[in-house]
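A.B. asks: no sequence for this one, just the structure:
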């Protein structure tokens, strides 16, 4: 299965979208868990990730690594310079809390993206830390990952409802095309009618 292409700008605006739907200021832990659960739901219901995130199994549960790097970057604690001034313009980070300095660019997000992000914000945005930690530690993807290691997308898909069909869909390079017996290429000139 090919790894989805990561979209840094869309990651920022997905995070901003979540933050604007959480109590002010938003807790970083809850906001990142909202991205995780929104991505799971979007995978299950629409067959693709929202912005091509990679999740890691950290001590307090699954973490969307790229979104977390954006948060650390704005907070001045990133390991490297992301060269992403838009993040500084639109996001404010104060240790464990996030605030939006501007609106999310909803032109970057599909309706299905926003529906899943909003659903996750409503379900997990204010969930207490202990409960959210316990909930997020469940599942094959988290359990199979090495501590602080990458969670495999295939494991995540396996634990979703309809995971087998989804895995098949994601392996198909041309979903929706008819699956017919492959004919050898035909290089003869067409006959005149």
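C.D. replies: Sure thing, it's come through. Small disclaimer: the values here were computed from a predicted structure and weren't measured.
A.B. asks: for the residue lying closest to residue 91 once chain neighbours are set aside, what are its contacts?
C.D. replies: Closest residue in space to residue 91, ignoring its immediate chain neighbours: residue 74 at 5.0 Å, by CB to CB, 6 or more residues apart in numbering. In this view, the C-beta of every residue, glycine as well, is placed from N, C-alpha and C. By CB atoms under 8 Å, 6 or more residues apart in numbering, residue 74 lies in contact with 87, 88, 91, 92, 93.
A.B. asks: quick one: which of those sit in helices?
C.D. replies: Of those, the ones assigned to helices by DSSP state H are 87, 88.
A.B. asks: Could I get the contacts of residue 74 in a markdown table, plus columns for pLDDT and neighbour count?
C.D. replies: Formatted as a markdown table, the contacts of residue 74 follow (pLDDT from 0 to 100; neighbours: other CB atoms under 10 Å):
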| residue | pLDDT | neighbour count |
| --- | --- | --- |
| 87 | 97 | 22 |
| 88 | 95 | 12 |
| 91 | 97 | 22 |
| 92 | 97 | 15 |
| 93 | 97 | 20 |
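A.B. asks: JSON lines please, covering the contacts of residue 74 and showing distance to residue 12.
C.D. replies: What follows is these, written out as JSON lines (distance: CB to CB, whole Å):
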{"residue": "87", "distance to residue 12": "6"}
{"residue": "88", "distance to residue 12": "10"}
{"residue": "91", "distance to residue 12": "7"}
{"residue": "92", "distance to residue 12": "13"}
{"residue": "93", "distance to residue 12": "12"}
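A.B. asks: List just the nearest of the contacts of residue 74 to residue 121.
C.D. replies: residue 91 (15.9 Å; CB to CB).
A.B. asks: from memory that closest one sits against residue 101, does it?
C.D. replies: Yes - counting by CB atoms under 8 Å, residue 91 touches residue 101, with 6.4 Å between them.
A.B. asks: Is residue 63 within a helix or a strand, and which one?
C.D. replies: Applying DSSP states H and E as the criterion places residue 63 in strand 61-64.
A.B. asks: per-residue confidence at residue 184?
C.D. replies: Looking at residue 184, its pLDDT is 47.
A.B. asks: if we can go back for a sec, quick one: which of the contacts of residue 74 is nearest residue 40?
C.D. replies: residue 91 (23.2 Å).
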